[in-house]
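Colleague: give me a 3D structure for the following:
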Amino acid sequence: MSEESPLHVVTSVAQLRAAVAELRRAGRTIGLVPTMGALHEGHLSLVRASNEEGHATIATIFVNPTQFGPREDLAKYPRTLERDLDLLGAAGVAVAFVPTVDEVYPQGFATYVEPPEAAGPLEGERRPGHFRGVCTIVLKLFLMTTADVAFFGRKDFQQALVIGRMTRDLDVPVEVRVQPTLREPDGLAMSSRNAYLSPEERTRALTLSRALRATVDAYRAGERSIARLEEILRRDLTAAVDSIDYAVLVEPETLAPGEEAHDRTVALLAVRVGSTRLIDNAVLGEDFA
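Modeller: Have a look, this model is predicted:
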């Protein structure tokens, strides 16, 4: 990290709380951007959203082990800490919190957050325990930082829904703000896991955004049948990806199947291209970037 960067890097909860107290004494509100590192422009857009609202932005970098299953990619998840800190410093982040696993989950840790009902389908079915880990780490970060506002990306649609519901249910005094998905110029949704893709796999991964666009276009052309729209969603994916975990249209607040498509219906995808699992989504009544 460059010496001129104003970024304050802390590694313990005590250091973090001291930094927050100093910011509060200066009259600042706190905007939180939780990340697992391997930062890309999508993460930085969340930082900008926080900065533009005038908050002192705290970004966290922590690869959370409790949200990974036994056969998932915890060990190989990309870790690019030095680059990440350079990016956060250049983006105007006030504090970066980079704890160890032992700092977050000290010996004897045994308390977890039971996620709300929205965590049950889709990712919840395919990644048992995932949202228990997500809710636990997010609530801990909310409490550690005493954030006023927390920023999340909509690419993880179900995650944002689950976090918002948990925050309301537990009366956590943090406003959850969900920002639009950012895409590469060719349409691929930005994700740290894109780094896993070979050139050939990345070309095939473009089918996700094309499938979502075709579904949105069909809805705009007048198609309202959920079954027919799901056929369109899956049509090109079947030949291009290695497996489909789900490709469905659901209600935005419950993730349950709808009877007829409407403007707020969400198309959700989870597929594997090679060994990489990718997710993406689109709201039928909104412009698809």
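Colleague: would you map the helices across the stretch 51-200 of the chain?
Modeller: Along the stretch 51-200 of the chain, counting by DSSP state H, counting those that start in this stretch, helices occupy 81-91, 101-104, 123-126, 130-145, 157-169, 199-205.
Colleague: give the rounded mean pLDDT of the longest one.
Modeller: Mean per-residue pLDDT for helix 130-145: 98.
Colleague: ok, the last one next?
Modeller: Within the predicted structure, the mean pLDDT of helix 199-205 is 98.
Colleague: quick one on the thing from earlier: now tabulate the helices of the stretch 51-200 of the chain in TSV and tack on mean neighbour count and distance to Phe151.
Modeller: No exception for glycine: its C-beta is placed from N, CA and C like everyone else's. Below are the helices of the stretch 51-200 of the chain laid out as TSV (neighbours: other CB atoms under 10 Å; distance: least, CB to CB, whole Å):
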stretch	mean neighbour count	distance to Phe151
helix 81-91	18	12
helix 101-104	15	20
helix 123-126	16	20
helix 130-145	21	12
helix 157-169	20	10
helix 199-205	16	25
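Colleague: out of the ones you listed, nearest to Arg264?
Modeller: The closest of these to Arg264 is helix 157-169. By CB to CB, the value is 12.0 Å.
Colleague: any stretches of this structure with poor pLDDT?
Modeller: Applying pLDDT under 70 to the chain picks out residues 1-5.
Colleague: can I get the helices of the stretch 51-200 of the chain in CSV including distance to Ala189?
Modeller: Shown next, in CSV, are the helices of the stretch 51-200 of the chain (distance: least, CB to CB, whole Å):
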stretch, distance to Ala189
helix 81-91, 19
helix 101-104, 28
helix 123-126, 15
helix 130-145, 19
helix 157-169, 11
helix 199-205, 9
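Colleague: flag every buried residue along whatever helix or strand Leu229 lives in.
Modeller: Element membership for Leu229 (DSSP states H and E) is helix 226-235. For helix 226-235, a neighbour-count test (16 or more other CB atoms under 10 Å) marks 226, 229-230, 232-234 as buried.
Colleague: okay if I get those residues as a markdown table plus distance to Pro116?
Modeller: What follows is those, written out as a markdown table (distance: CB to CB, whole Å):
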| residue | distance to Pro116 |
| --- | --- |
| Ile226 | 24 |
| Leu229 | 27 |
| Glu230 | 25 |
| Ile232 | 31 |
| Leu233 | 26 |
| Arg234 | 28 |
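Colleague: nearest to Pro6, of these?
Modeller: Closest to Pro6, out of all of these and judged by CB to CB, is Leu233, at 45.4 Å.
Colleague: thought the closest one was touching Val271?
Modeller: No. Using CB atoms under 8 Å, Leu233 is not in contact with Val271; the gap is 11.0 Å.
Colleague: find residues that contact each of these two.
Modeller: Ala247 (CB atoms under 8 Å, 6 or more residues apart in numbering).
Colleague: in this protein, which residue is closest to the centre?
Modeller: Central residue of the chain (CA atoms, centre = their mean): Asp156, 4.3 Å from the mean position.
Colleague: ok so, going back, of all the helices of the stretch 51-200 of the chain, which one is nearest Ile58?
Modeller: Judging these by CB to CB, what sits closest to Ile58 is helix 130-145, at 5.3 Å.
Colleague: what does the closest one contact?
Modeller: Contacts for helix 130-145 (CB under 8 Å, 6+ apart): 13, 16-17, 20, 30, 32, 34, 58, 60, 62, 64-69, 97, 104, 111-115, 119, 123-124, 147, 150, 159, 162-163, 166-167, 170, 172, 174.
Colleague: can you list phi and psi of Ala282 for me?
Modeller: Taking degrees, to the nearest 10, you get phi -150, psi 140 for the backbone angles of Ala282.
Colleague: so it sits against Val266, correct?
Modeller: Yes. If you go by CB under 8 Å, Ala282 and Val266 touch, sitting 7.3 Å apart.
Colleague: just give me the closest of the buried residues of helix 226-235 to Ala26.
Modeller: Leu233 (49.2 Å).
Colleague: and of the helices of the stretch 51-200 of the chain, who's closest to Arg25?
Modeller: helix 130-145 (15.5 Å).
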